[in-house]
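[1] fold the following.
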Amino acid sequence: MHTAVLLLAAGASRRFGPRNKLLQPLEGKPLIRHAADAARAVPVGLHFAVISDPEVEALLPDFRRVRVDPGQPQSASLKAGLAVAQALLADSVLVVLADMPRATTALMQQVLQRGDRMPAAASDGQRVLPPAFFPESVFPAIAELTGDQGAGAILRHLPAGQRVLAEAGLLVDIDTPADLAALEAR
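    The predicted structure follows:
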């Protein structure tokens, strides 16, 4: 299996305010680098970051970059990254969200191992979230996605056996300044 990691980092940060949340500091480095460092350590041959902000792009020299227009919904980012991965003959993808700074390389690898030929994702026991693995059999469904939900519709229907229970706190995502402040306070 030829897997690509897709780091989705093109969001507009609308709920965060005028600043791009991915550029904000967390523990001495930009928020984007937490997810990027964990994703980059996953031992696969292809690592892509889907970006729209040149400042974010500058922080990801260790990724192949896929550019999308600013303001595109998450489904557009996912489809753009998938198209490039397919063009380079990837037959599966591991999707990682750039605003989830606590998702670890170990969790990403567990999702990959759980996936194999079926989709798999992390779960906090309530929700099913990225990191998420999608084999080639799901690519047509991803190509049909619209809106800002990404592959949420696919993930919600994963059987329990395809969910990796994540340790508490690993699936936190940063949407607002309050989310970032709460994470820093822990």
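
[2] element containing residue 93?
    Element membership for residue 93 (DSSP states H and E) is strand 92-97.

[3] what about that strand, average pLDDT?
    Mean per-residue pLDDT for strand 92-97: 96.

[4] repeat for stretch 46-58
    Rounded mean pLDDT across stretch 46-58 is 95.

[5] dump that stretch to PDB, keeping only the CA atoms.
    C-alpha atoms of stretch 46-58 as PDB (Å, rounded to 0.1, in the frame of the first residue of the first chain):
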ATOM      1  CA  LEU A  46       4.500  11.100   0.700                       C
ATOM      2  CA  HIS A  47       3.700  14.000   3.000                       C
ATOM      3  CA  PHE A  48       1.500  16.800   1.700                       C
ATOM      4  CA  ALA A  49       0.100  20.000   3.300                       C
ATOM      5  CA  VAL A  50      -2.900  21.700   1.800                       C
ATOM      6  CA  ILE A  51      -2.500  25.400   2.300                       C
ATOM      7  CA  SER A  52      -3.900  28.800   1.300                       C
ATOM      8  CA  ASP A  53      -1.800  31.200   3.400                       C
ATOM      9  CA  PRO A  54       1.800  32.000   2.300                       C
ATOM     10  CA  GLU A  55       2.900  32.400   5.900                       C
ATOM     11  CA  VAL A  56       1.600  28.900   6.800                       C
ATOM     12  CA  GLU A  57       3.400  27.600   3.700                       C
ATOM     13  CA  ALA A  58       6.700  29.100   4.800                       C
END
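
[6] tally up the residues packed near the closest residue to residue 32 other than its chain neighbours, please.
    If the residues on either side of it in the chain are set aside, residue 32 comes closest to residue 22, at 4.0 Å by CB to CB, 6 or more residues apart in numbering. Glycine gets a C-beta too; all of them are placed from N, C-alpha and C. Applying other CB atoms under 10 Å, we find 27 other residues in the vicinity of residue 22.
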